[in-house]
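> Can you look at this prediction? I've put the sequence above it.
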Amino acid sequence: MKRGCLFPGANYILLLVILLCPSVASAGDITEQLHRPMDRSMMRETTTQADELQRQGEQQYQQGRSDKAVESWLKALELYHSVGDLKAQGLTYDALSRGYVQLGLYKEAEDAMRRRLAIARDIKDFQGQIFGLNNIGNLLLQKGENKAALQTLTEAVEIANQLKNIEGQGLSLNSLGLATARLGEYNKAVKLYEKALTYRRQLNDVIGQANILNNLGDAYSAANDYSGTIGAYGEALGLAKIAGDRPNQLRAIDGLVIAHGSVKRYERALDLLQRRLTLAKELNSRQEELKSFEAYAQLYEQMGDFPTARNFYERAVILARTLDENKLEVQLLDKMRQIQGKVATSRSKKKR
């Protein structure tokens with residue numbers, strides 16, 4: 001036996017041990033593996049895939065398929081998270097909040113908005129903070145949490161003012177005006193809207209101006225300021241017409257009809273309602289046609305022309321039935337019965 005060899009086959013046994021028993025990794029090795037950055041080519045591929053899902057979600061949202069859009073955005077979010085892209089995550093949370101709102105999932109929408117805001121704060125994205133706070137504030141208003149909305153939107157205004165961000169100032173002051181009006185402080189809301197309007201004008205944002213002017217008209221109306229109401233809605237209607245913004249035109253007309261009707265300027269109110277019905281037909285919107293017929297009926301009832309009012313209520317009932325607006329149909333039928341009673345009373349008085 002040769003020196004240095006304890007027994008025959010010892011080297012063979014040692015080789016088997018090396019081959020069959022994997023080496024034990026140290027804690028340092030494992031930590032390094034866990035924190036090792038993803039391969040750059042893999043990161044690019046993952047980001048490209050996430051971007052495609054983001055675009056796909058936006059297309060689905062525009063097509064009215066919000067449920068599918070949310071699915072796409074959630075997948076994109078997971079991929080952006082895997083590559084650590086905080087900015088993209090923030091934008092995806094913003095998109096998700098829109099999808100959830102469209103689906104009526106307000107709890108999920110608020111959670112997405114707050115996550116978006118948290119990311120904007122982490123990466124010092126002050127504009128993102130302004131828009132994030134506005135989204136949360138407006139959702140809180142929708143939920144009826146007016147005081148919480150006021151606090152949130154006040155913070156948005158403060159940040160926008162510090163940055164001298166004109167777009168953010170106009171948006172935030174308008175939103176703060178809404179919260180203030182909800183709390184019944186109409187004169188204060190008017191001042192906020194007027195200030196917001198100056199920033200929208202600096203940006204030459206015609207649609208934004210029309211929206212604020214409609215809000216201003218609402219506040220003047222609530223404060224029983226007829227002159228201010230007519231002026232604000234009238235200017236909103238003119239700007240909305242220039243911009244081809246039919247929703248703001250309809251809203252301004254509705255405000256003007258009520259205002260003119262309140263001072264018995266019925267001829268002007270009827271002219272406006274004719275324009276409203278024309279817009280509804282241009283939009284091919286049965287829902288807006290229904291609202292037009294209902295507005296006609298209410299105005300003729302106010303004028304004391306009960307037979308014509310009843311005729312418009314009948315037309316509104318037919319459309320409500322077509323649109324499966326069951327609750328509204330019941331309300332309109334009740335109004336018809338009330339009108340029929342007024343017609344009978346009116347006829348009996350004439351016979352006397």
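Here it is on my side, so go on.
> next one: stretch 88-98 to chain centre, how far?
13 Å (Cα atoms, centre = their mean, to the nearest Å).
> can you check stretch 146-165 too?
Worked out by Cα atoms, centre = their mean, stretch 146-165 lies 18 Å from the chain centre.
> Same check on stretch 189-207?
19 Å.
> for stretch 273-280, same thing?
Distance of stretch 273-280 from the chain centroid (Cα atoms, centre = their mean) equals 26 Å.
> Check which residues of that stretch are buried.
273, 275-277, 279-280 (16 or more other Cβ atoms under 10 Å). All C-beta spots, glycine's among them, are computed from the backbone N, C-alpha and C.
> With just CA atoms, put it into CSV.
In CSV, the C-alpha atoms belonging to stretch 273-280 read as follows (Å, rounded to 0.1, in the frame of the first residue of the first chain):
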residue,chain,number,x,y,z
LEU,A,273,-85.8,73.8,-24.3
GLN,A,274,-86.2,73.5,-28.1
ARG,A,275,-82.4,73.9,-28.4
ARG,A,276,-82.0,71.3,-25.7
LEU,A,277,-84.2,68.8,-27.6
THR,A,278,-82.2,69.4,-30.8
LEU,A,279,-78.9,68.8,-29.0
ALA,A,280,-80.3,65.5,-27.5
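> For it, the averaged confidence score.
Regarding stretch 273-280, the rounded mean pLDDT is 97.
> Give me the below-cutoff pLDDT ranges for the stretch 151-300 of the chain.
Filtered on pLDDT under 70, the stretch 151-300 of the chain yields no residues whatsoever.
> Switch the buried residues of stretch 273-280 over to TSV; also include distance to Arg40 and secondary structure.
As requested, those are exported to TSV (distance: Cβ to Cβ, whole Å; DSSP: H, G, I helix; E, B strand; the rest coil):
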residue	distance to Arg40	secondary structure
Leu273	64	helix
Arg275	60	helix
Arg276	59	helix
Leu277	61	helix
Leu279	55	helix
Ala280	56	helix
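> nearest to Gln302, of those residues?
Using Cβ to Cβ, Leu273 is the member of the buried residues of stretch 273-280 that lies nearest Gln302, at 12.1 Å.
> Just to check, the closest one is in contact with His260?
No: between Leu273 and His260 there is no contact under Cβ atoms under 8 Å: 10.1 Å.
> what is in contact with the two at once?
When Cβ atoms under 8 Å, 6 or more residues apart in numbering defines a contact, no residue borders Leu273 and His260 alike.
> ok, back up a step: could the buried residues of stretch 273-280 go into a markdown table alongside distance to Asn211?
Listed next are the buried residues of stretch 273-280 as a markdown table, based on distance: Cβ to Cβ, whole Å:
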| residue | distance to Asn211 |
| --- | --- |
| Leu273 | 22 |
| Arg275 | 19 |
| Arg276 | 18 |
| Leu277 | 23 |
| Leu279 | 17 |
| Ala280 | 20 |
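> which of those lies closest to Pro307?
Out of the buried residues of stretch 273-280, the member with the shortest distance to Pro307 (by Cβ to Cβ) is Leu273, at 17.4 Å.
> where's the closest one relative to Leu279, distance?
Counting by Cβ to Cβ, to the nearest Å, the separation of Leu273 from Leu279 is 11 Å.
> okay, and the common contacts of these two?
With Cβ under 8 Å, 6+ apart, Leu273 and Leu279 have common neighbours Ile253.
> Ile136 is in contact with Thr152, correct?
Yes: the pair Thr152 and Ile136 qualifies as a contact (Cβ under 8 Å) at a distance of 5.3 Å.
> Please identify every residue contacting each of these two.
With Cβ under 8 Å, 6+ apart as the test, Thr152 and Ile136 reach no residue in common.
> quick one, what contacts Leu256?
230, 233-234, 237, 268-269, 272 are the contacts of Leu256 under Cβ under 8 Å, 6+ apart.
> Would you list the phi and psi of it?
phi -70, psi -40 (degrees, to the nearest 10).
> Closest one to Lys188 out of the contacts of Leu256, please.
For the contacts of Leu256, the nearest to Lys188 is Tyr233 (20.1 Å; Cβ to Cβ).
> For that closest one, pull up the helix or strand it's in.
Per DSSP states H and E, Tyr233 falls inside helix 226-243.
> counting contacts, what elements does that helix pack onto?
Where contact means 3 or more Cβ pairs under 8 Å, 6 or more residues apart in numbering; DSSP states H and E, helix 226-243 is packed against helix 206-222, helix 246-262.
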